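Visitor: Coordinates for the following, if possible.
(one chain, ligands or ions: 1)
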Amino acid sequence: MRIDIITIFPEFFSVLDVSLVGKARQSGLIDLRVHNLRDHTHDRHHTVDDTPYGGGAGMVMKPEPWGDAIDAILTDVHPLTEPTEQTDATDAAPLLIFPSPAGELFTQAMARELAEEPNLIFGCGRYEGIDQRVFDHYAEAGRVRLVSLGDYVLNGGEVAVMAMIEAVGRLIPGVVGNPESLVEESHEDGLLEYPSYTKPAAWRGLEVPPVLRSGNHGAVAAWRREQQLERTARVRPDLLPPAN
Ligand SMILES: Nc1cc(-c2ccc3ccn(Cc4ccccn4)c3c2)[nH]n1
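Guide: Okay, the predicted model is just below:
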C-alpha cells in the first residue's frame, strides 16, 4: 500500500519511522510519503490560508496549494480516472481522505475497507478547515471521504491521520507479527473485547478469574463471550446487536 500525507507540519509524522508502521515501511509493506503543503505555494510567504468569504472568525485554507499538491501525487501514482467495470481495485483511483469534524465516523469497519485500498491520500487541514471546492473538485473525478474520529474538535487533521494510519496499517497482512491477535480485539466482532490477565495469579489481593486457569477451553471461551457482552452493554450499549 502506498500512503501519501499532505500537511503543513510534515515533521509531525516523523514518529511513523518507528514501531509497527516504521517496520512496515522498512520492509516495503507500506510506502509512506509525507508532503509539505507549503512546497505547493508560489508566494514569498508560502501562504496557505486566507480570510473566509461571508466573514467569521479564523482562516480558511486556500484551494490552489491543495490542488497543486494533490495533482502532483495523482500524477505520480496514476491519473484520476473514474473506475470502470474493466478496472479492479488495482486500477481504481486513489482514495482521498480528509479528516473533518463534519465527516463520517471512523470505525473498525472503515479501517478494514481502507486496508484494502492500494493508494490512500490523506489531507491534513488546519485553521478552520479547507476550502470546500477542494473536496468538490476531486469528488467529481474520483473518490473523496471526509472522516471524523469522534464528536470532539481537534486543531487540525494530523492527529486523526496518525490514528487512521495506525488502525489501517496494522490490518495490512504482514504488518502485525501474529495475525491471530487481530481477531479477538475490541470492535473486530462488533463488541468490546474481554478483560485480559497474565501472571502473577494473585496481585495486591486480586485473583485472576479461576476459569482462566481451569484449562477448560470451552468454559474460557464462554466466559470471554459473556464478558464481552456484559462490558459492551455497560460501556457501549450502542454497539450491541439489535435484539431479534
Ligand atoms: N474528529 C475531528 C476532526 C477534527 C478536525 C479535522 C481537520 C481539521 C482542520 C482544521 N480543524 C480545526 C477546526 C476547528 C473548528 C472547526 C473546524 N475545524 C480540524 C479539525 N476535529 N475533530
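Visitor: Could you count how many residues lie near residue 77?
Guide: 16 (other C-beta atoms under 10 Å). Where you see a C-beta, it was placed from the backbone N, CA and C, and this is true even at glycine.
Visitor: quick one, what contacts it?
Guide: Residues near residue 77 by C-beta atoms under 8 Å, 6 or more residues apart in numbering: 2, 4, 94, 119, 121.
Visitor: is it true that the fourth one touches residue 1?
Guide: Read that as residue 119. Yes - using C-beta atoms under 8 Å, residue 119 and residue 1 qualify as a contacting pair, with a distance of 7.4 Å.
Visitor: give the contact list for the spatially closest residue to residue 105 that is not a sequence neighbour.
Guide: Once flanking residues are discounted, residue 105 sits nearest to residue 148: 5.7 Å by C-beta to C-beta, 6 or more residues apart in numbering. Contact analysis of residue 148 by C-beta under 8 Å, 6+ apart lists 99-106, 160.
Visitor: Which of those residues fall within helices?
Guide: Members of the contacts of residue 148 lying in helices (criterion: DSSP state H): residue 160.
Visitor: Kindly indicate the member of the contacts of residue 148 with the most neighbours.
Guide: Of all the contacts of residue 148, residue 99 has the most neighbours under the rule other C-beta under 10 Å, reaching 26 neighbours.
Visitor: what about that residue, distance to residue 171?
Guide: The gap separating residue 99 from residue 171 is 19 Å, by C-beta to C-beta, to the nearest Å.
Visitor: per-residue confidence for the residue nearest to residue 93 when sequence neighbours are not counted?
Guide: Leaving aside its sequence neighbours, residue 93 sits nearest to residue 142 (C-beta to C-beta, 6+ apart; 3.7 Å). If you check residue 142, the pLDDT there is 71.
Visitor: from the contacts of residue 77, which are also near the ligand?
Guide: Among the contacts of residue 77, no residue is within reach of the ligand (C-beta under 6 Å from any ligand atom).
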